[in-house]
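[1] A structural model of the following input is requested.
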Amino acid sequence: NVGVEIAFSRDVYSRLSLKQQIEWIAQFTVVIHNGGDDSYIYWFMREKTALITMDWYGGTNDGYSIHYDSDNIEFDPLKKTYYYYMTRDDMQVVHSNDTHRNTRFDSKNVYRYRLDAQRLANYAHSALLWVETWNGWHNTFHKPVKI
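    Predicted structure coming up:
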């Protein structure tokens, strides 16, 4: 079994100092993250850990998603990043009268994403196997049979 902790960015930011946020994120082996403005947490994860982050999907991308941080974090040899891709069918536009938000970069507040349980389980299993191999562990994680 794999332990799971669910946290929301707004709660982490409002309740924890930056030092506490760094200490908190460092405890995890695999983090599933929604991407966006709080992707800085990746830099505070320990070596030999993995991050699954959501790609940003916008209507101008011809049906595929993109990731803005790839030039920084994708090639880190001490950690692994998996990008959960999004398609046009995975997102729903959220309409708002907020004129201050930048709809091009404020993806968490402009779109709501639907995650596919089986696809996310495959990403999580891949990340766990990568961590297992990198750390020299054996038969630690098993692919879930039923989602």
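
[2] Show me the shaky parts of the chain.
    Scanning the chain for pLDDT under 70 picks out the ranges 1, 35-39, 56-74, 95-111, 144-147.

[3] Please repeat the previous calculation with a cut-off of 90.
    In the predicted model of the chain, residues 1-14, 18, 21, 31-45, 51-123, 138-147 satisfy pLDDT under 90.

[4] where exactly do the strands run in it?
    For the chain, the strands defined by DSSP state E occupy 30-33, 50-54, 80-84, 91-93, 111-113.

[5] Which elements pack onto the second one?
    For strand 50-54, the helices and strands in contact under the criterion 3 or more CB pairs under 8 Å, 6 or more residues apart in numbering; DSSP states H and E are strand 30-33, strand 80-84, helix 117-134. Every C-beta, even on glycine, is put in place using the N, C-alpha and C of the backbone.

[6] Throw the ones you listed into CSV and include distance to F141 and mean neighbour count, thanks.
    As requested, the helices and strands packed on strand 50-54 are arranged in CSV below (distance: least, CB to CB, whole Å; neighbours: other CB atoms under 10 Å):
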stretch, distance to F141, mean neighbour count
strand 30-33, 9, 19
strand 80-84, 14, 21
helix 117-134, 4, 16
